[in-house]
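# one predicted model, sequence on top.
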Amino acid sequence: MVMTLRKHNSLHQEFTGLSPESPLNAVLPRLAISIGIWSWLMVFIIGSISFYKSICVIEQHIKDDSLARVSYIANSAGLQKEAQNNEDIINAIRTVWDAASDRQEDEYLCVFDSNSTLLYHSNKSVPAGEKAPDAVLSDSNDASTRSLHSLISRKMRYVGTCTATVGNNQIAAILPVPESDLTVGIFRSREQVDTAIFTILKPFSIGFIIVGALIIPLSLLVISIWIYLLLKKQSKSERTQRLMHYMIENIVTPTAIISPDSRIAYANKAACEMLGYTRDELTSLSVPEVFPGISITRWAKAFSVLRKRVSTKQELMVTAKNGARIPAEVVANHMTFDHSEYMIVFAQNITERKLKDEEIARVQQQQKAILDTIPDIAWLKDKNGIFLAANEAYAALCGHPVDSIPGCTEYDLWPEELAKQHTDSEQDILVTGECQRNEGQIFMENGDDIWIETIIMPIIDEEGILIGTAGIGREMTDRKKAENELRAQRDHTEQIIHNSPAIICSTDAHGITTLVNPAGEEITGYTHEELVGKSWWKTCYPDMTNDQFGEFIEQLKTGPIRNYEMELTAKNGGKRIILWNYTLKYSSSNTIQEIIGFGNDITERREMEEELMRGRKLDSLAVLAGGIAHDFNNALTSVLGYISLSKLDMKPETLSKAEAGALRAKTLSEKLLTFSRGGAPIIRDASLTDVVNDAIHAISRFENVTVECTMPETLSAACIDKGQMRQVIVNILTNAVEAMPDGGKISVSAVEILLMDGEFSELSEGAYIKLSIADQGTGIAEENLPKIFDPFFTTKQNASGLGLSSSYSIIKKHHGLLTVKSAFSIGTIADIYIPCAVRSAQEPETPAAVEVTQPKTTGKQKHILVMDDEAMIRELLKQALEHLGYNVEVASDGKEAVESYKKSYSTENPFDAVIMDLTVPGGMGGKDAFAEILKFDPTVTGIVASGYSKDPVMSNYHNYGFKAVIPKPFKINDLQDVVSLLVNSAV
């Protein structure tokens with residue numbers, strides 16, 4: 001259909017069929033209701049006055065669907081005719097029957113009245129008026145078929161009118177009416193096939209009138225309501241269409257509707273204004289007249305393609321009324337309306353955009369020409385990150401043709417991770433509007449990696465609007481590798497400086513600190529902030545004068561200074577000995593730029609060297625002292641023994657002086673034994689308070705000195721040799737008394753402390769008792785402090801110089817420490833650190849030198865075996881023990897002692913105890929001999945007696961099976977106490 005619209009609403013009328021202003025929209029609903037009401041009235045009046053027709057109603061009992069047509073046709077014929085009586089019905093049925101061409105030959109038709117009287121038979125030989133045959137009236141052989149007789153005899157009450165449908169029994173009843181019945185039967189070989197009852201409604205029946213008055217108007221009313229609703233819906237649709245028409249007409253986008261034959265069916269106001277036509281002029285044109293590049297053939301193809309694609313978009317040239325060519329962006333959509341196809345076209349004038357694009361293209365050509373002259377990589381992008389141009393260097397780097405780069409994004413040219421980095425960087429520039437310098441690593445497809453340095457700048461137009469970015473970059477792989485190597489070297493150097501245990505520092509030419517490592521902070525006690533920016537020499541070497549610093553610099557100019565010891569003053573005032581190595585660093589102008597120093601703290605090493613030297617001196621003395629003490633003790637043993645024995649028979653006063661002199665010799669030998677190599681003290685858990693009180697009592701003869709002792713009652717026991725510890729305390733107290741010739745006060749105190757690992761290099765961590773002895777004497781000169789523990793060093797007349805040196809050795813062998821602090825003319829403090837014992841000092845002590853056992857025999861003289869290599873000692877011990885009431889046998893070496901013990905063991909009087917000397921030159925000593933005896937008799941009671949403390953048996957006798965120890969020299973009373981406890985006392 002060709003459609004030409006002359007008015008702006010003609011297309012709207014074509015689509016809806018109604019004008020928006022049509023009066024039928026308001027009249028039709030009211031008209032439909034009026035028609036329904038008036039029809040009801042008229043039918044009721046006319047039906048009750050003049051309607052005179054008969055209506056036939058049929059009840060069908062269909063047995064054979066193929067023969068139902070006869071009954072149906074007969075029924076239709078009866079309804080269509082004016083049935084005045086039965087004859088009219090019969091004639092109608094007969095006419096239909098005779099006209100049936102597809103009935104079978106043996107079929108025949110019978111019509112009966114309500115009395116079963118045959119009114120008609122299609123077989124002419126059967127006269128009318130006869131009764132139905134018995135075969136017809138009786139039940140047929142088919143149980144599912146009702147007999148004609150039962151059908152007729154049943155009183156049927158039909159009402160209203162009925163609609164008969166082939167194959168179904170449908171009867172619609174409204175009100176009962178009087179009727180007259182006819183029965184029609186179809187038979188085949190005297191067998192009933194189909195039956196129908198025709199009921200004739202009588203004229204002027206009230207039922208007919210009521211039916212007519214109700215059914216017909218009601219139907220008309222329903223039709224009227226349906227028409228009303230339809231028109232109402234149509235009116236709403238029309239309003240929607242009018243709204244859409246208004247919207248399309250007034251949108252600013254030029255819009256047109258084009259039919260398949262290329263005619264412009266509709267154009268809105270914007271389209272007319274764009275092309276300069278009126279609406280009537282524009283709707284009279286075809287597509288080729290408006291779009292010069294599209295012919296009728298091309299239009300037909302485009303319409304066919306659009307039918308499949310639904311929508312398309314392209315740029316076309318449009319011809320205006322004045323002949324001007326206007327570039328337009330055209331969007332075409334396929335649409336179907338009222339069973340007709342159309343194309344709705346939206347056009348946008350892009351003249352300005354085209355001009356701008358041409359200008360941009362021209363500028364891009366210029367930009368590309370400029371970029372190609374740059375040897376480094378260069379590119380331009382718009383604000384959306386789309387490349388506008390790039391030079392050959394950039395194309396070679398990314399591996400894409402230079403002509404394919406414009407229009408791409410970073411993600412089209414680079415891996416996703418790298419593209420994201422570039423995009424994020426550009427977004428920062430677009431936000432801040434500031435230039436950005438970046439360095440990045442690019443991994444090439446051949447496996448190489450290169451470094452690129454880029455500078456990205458924002459592009460701002462004449463109006464100050466940021467419209468894109470420009471970038472330039474340069475490969476810096478070689479420079480980056482050099483920087484990385486330099487950085488690695490610097491990091492390596494920094495790690496060395498930071499982790500070095502030596503002081504590493506640097507100053508400028510004037511001595512101002514510029515660098516100090518953590519070791520320097522730790523050793524000096526100053527923080528980095530306290531040192532940097534201040535004079536290194538004034539801070540750590542406050543005694544250095546400017547002249548000395550100048551001499552130091554002059555010496556450095558001649559070359560590096562190696563292994564130069566300087567005493568550094570720490571923040572806490574302490575002195576540290578630093579072994580320095582200094583060198584100078586010169587600037588390019590050959591001036592001193594930096595003084596670099598490397599210093600090792602050798603304070604502990606110096607102390608250890610001094611300690612080692614002191615130990616070597618003591619070791620040298622120990623060799624001599626050990627041998628002298630051994631022989632000296634043996635001699636003293638015989639002297640003391642005989643003197644003690646003589647006191648039993650002679651006057652005690654005469655021999656007491658000899659005994660006292662021997663005891664003084666014993667004291668001297670004990671001091672010498674302290675230096676003996678391996679001469680370990682016999683350490684036991686003991687109360688240090690008792691030892692201190694005993695030592696204080698020993699110096700109580702000095703009347704001008706008072707001792708103030710503060711010992712905690714809960715002080716733990718100490719691991720000490722009571723005799724040696726008493727000697728140490730007496731030595732220190734004696735020195736304190738001698739330091740106060742005019743008298744004074746000595747303070748003695750003790751406290752338990754817990755030392756952590758590293759607090760004292762000489763001590764391991766654990767619990768210690770710190771015993772402090774302070775005096776108010778003259779003090780010790782600073783230059784003498786390092787020498788006070790040297791053997792034979794003394795500043796006093798008539799002194800041996802063994803007091804502090806022997807005390808130092810004793811404390812060291814107790815796994816402790818002795819330190820002395822002194823200030824000249826103020827006083828001296830000696831601190832003794834002794835390991836704590838496990839038990840408390842308040843627990844009772846068991847005599848450590850004696851392990852009490854039950855005597856082997858009772859009621860007879862005890863039998864003692866004495867082994868010693870010295871004949872004089874053997875004889876002395878034999879006489880002393882016999883004097884004490886024991887039976888004694890002696891042996892000169894270990895082998896003889898073992899034989900004697902075994903021989904005696906099997907007799908009635910075995911040995912009750914053995915006393916063994918340890919050292920037997922050229923023979924079996926006491927340790928080995930006693931081990932043999934233990935194998936023979938594990939219950940043996942052994943006592944070790946020796947004047948040489950080198951052997952560890954003396955301090956750890958229990959580990960070798962001995963029950964007690966008697967150090968030489970000893971008195972007979974000491975021997976009596978030990979032997980008596982072991983042999984005669986009960987457990």
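Received the coordinates, thanks.
# where does the record place the domain boundaries for the protein?
Using automatic domain parsing, the domains assigned to the chain come out as 53-203, 251-349, 354-481, 500-601, 683-840, 863-983.
# out of those domains, which is the most enclosed?
Comparing these by mean neighbour count (mean count of other C-beta atoms under 10 Å), domain 863-983 ranks first with a mean of 19. To be clear about C-beta, it is placed using only N, CA and C from the backbone, and glycine gets the same treatment.
# that older thread, per-stretch mean pLDDT over the domains of the chain, give me the minimum one.
Lowest mean pLDDT of the domains of the chain: domain 53-203, a mean of 50.
# stretch 682-692: end-to-end distance?
Start and end residues of stretch 682-692 are separated by 18 Å (C-alpha to C-alpha, to the nearest Å).
# hmm, I was thinking of stretch 886-894
Distance across stretch 886-894, first residue to last, is 21 Å (C-alpha to C-alpha).
# go ahead and confirm Ile248 touches Lys269.
No. Counting by C-beta atoms under 8 Å, Ile248 does not reach Lys269; the two are 9.6 Å apart.
# OK, contacts around Leu371?
By C-beta atoms under 8 Å, 6 or more residues apart in numbering, Leu371 lies in contact with Ala378, Trp379, Leu380, Ala389, Ala390, Asn391.
# which of those sit farthest apart?
The widest separation within the contacts of Leu371, taken as C-beta to C-beta, falls between Leu380 and Asn391 and amounts to 9.7 Å.
# dump the domains of the chain to TSV, plus distance to Glu494.
Putting these into TSV (distance: least, C-beta to C-beta, whole Å) gives the following:
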stretch	distance to Glu494
domain 53-203	108
domain 251-349	64
domain 354-481	20
domain 500-601	9
domain 683-840	27
domain 863-983	53
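# what's the closest of those domains to Ile223?
The minimum distance between Ile223 and the domains of the chain falls on domain 53-203, with 18.7 Å, by C-beta to C-beta.
# measure Ile90 to Lys770 for me?
Relative to Lys770, Ile90 is positioned 152 Å away (C-beta to C-beta, to the nearest Å).
# make that Tyr342, sorry
112 Å.
# with Glu521 instead?
Glu521 is 30 Å from Lys770, by C-beta to C-beta.
# Glu703 belongs to a strand, doesn't it?
No. Inclusion of Glu703 in a strand is not indicated when DSSP: H, G, I helix; E, B strand; the rest coil is applied; the result is coil.
# that one and Gly743, how far apart?
Looking at Glu703 against Gly743, where the rule is C-beta to C-beta, the gap reads 8 Å.
# equivalent analysis for Ala897, please.
Shown here: Ala897 relative to Gly743, a distance of 57 Å by C-beta to C-beta.
# just checking, Ser807 touches Leu733?
No. Distance between Ser807 and Leu733: 10.9 Å, which falls outside the contact criterion (C-beta under 8 Å).
# list the buried residues in the helix or strand harbouring Asp478.
In the assignment (DSSP states H and E), Asp478 maps to helix 477-499. Residues of helix 477-499 classed as buried: Lys480, Ile497 (neighbour count, 16 or more other C-beta atoms under 10 Å).
# just give the nearest non-adjacent residue to Gly744, would you?
Spatial nearest neighbour of Gly744, excluding adjacent residues (C-beta to C-beta, 6 or more residues apart in numbering): Gln776 at 4.2 Å.
# ignore the last one, Ser980
Nearest residue to Ser980, sequence neighbours excluded (C-beta to C-beta, 6+ apart): Leu884, at 7.9 Å.
# where's the one you found relative to Asn909, distance?
On the measure of C-beta to C-beta, Leu884 and Asn909 end up 17 Å apart.
# got it, and Pro415?
Here the distance between Pro415 and Asn909 works out to 107 Å (C-beta to C-beta).
# same thing with Leu243?
Taken as C-beta to C-beta, the spacing of Leu243 relative to Asn909 amounts to 145 Å.
# strands along the stretch 851-987 of the chain, start to end?
Counting by DSSP state E, counting those that start in this stretch, the segments of the stretch 851-987 of the chain that form strands are 863-867, 887-891, 913-916, 942-946, 964-967.
# need those in CSV with distance to Val728, can you?
Formatted as CSV, the entries for these read as follows, by distance: least, C-beta to C-beta, whole Å:
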stretch, distance to Val728
strand 863-867, 33
strand 887-891, 37
strand 913-916, 30
strand 942-946, 22
strand 964-967, 17
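# got the contact list for Leu934?
Shown here is Leu934, whose contacts under the criterion C-beta under 8 Å, 6+ apart are Val940, Gly942, Gly961.
# for Ala328, state which of those is nearest.
The closest of the contacts of Leu934, once distances to Ala328 are taken by C-beta to C-beta, is Gly961, at 123.2 Å.
# check the gap between Gln367 and Ile465 for me.
Plainly put, Gln367 is 18 Å away from Ile465 if you go by C-beta to C-beta.
# Ile780 now?
Ile780 is 90 Å from Ile465, where distance means C-beta to C-beta.
# secondary structure element holding Tyr564?
Of the helices and strands defined by DSSP H and E, Tyr564 is found in strand 561-569.
# tell me the strands beside that strand, with direction?
Within its sheet, and counting by DSSP bridges, strand 561-569 is paired with strand 575-586 (antiparallel).
# can you give me the strands for the stretch 401-550 of the chain?
Chain-ordered strands for the stretch 401-550 of the chain, with DSSP E, counting those that start in this stretch as the definition, fall at 436-443, 449-460, 466-475, 503-507, 513-516.
# please name whichever of those is nearest to Ile720.
Using C-beta to C-beta and comparing these, the one that lies nearest Ile720 is strand 503-507, at 41.7 Å.
# what helices or strands is the closest one leaning on?
Judged by 3 or more C-beta pairs under 8 Å, 6 or more residues apart in numbering; DSSP states H and E, the packing partners of strand 503-507 are strand 513-516, helix 518-524, strand 592-601.
# for the shortest one, list the C-alpha coordinates in PDB.
Just to be clear, that refers to strand 513-516. Presented in PDB, the C-alpha positions along strand 513-516 are these (Å, rounded to 0.1, in the frame of the first residue of the first chain):
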ATOM      1  CA  THR A 513      80.600  13.500  63.300                       C
ATOM      2  CA  THR A 514      78.800  12.500  60.000                       C
ATOM      3  CA  LEU A 515      78.400   8.800  60.500                       C
ATOM      4  CA  VAL A 516      78.500   6.300  63.400                       C
END
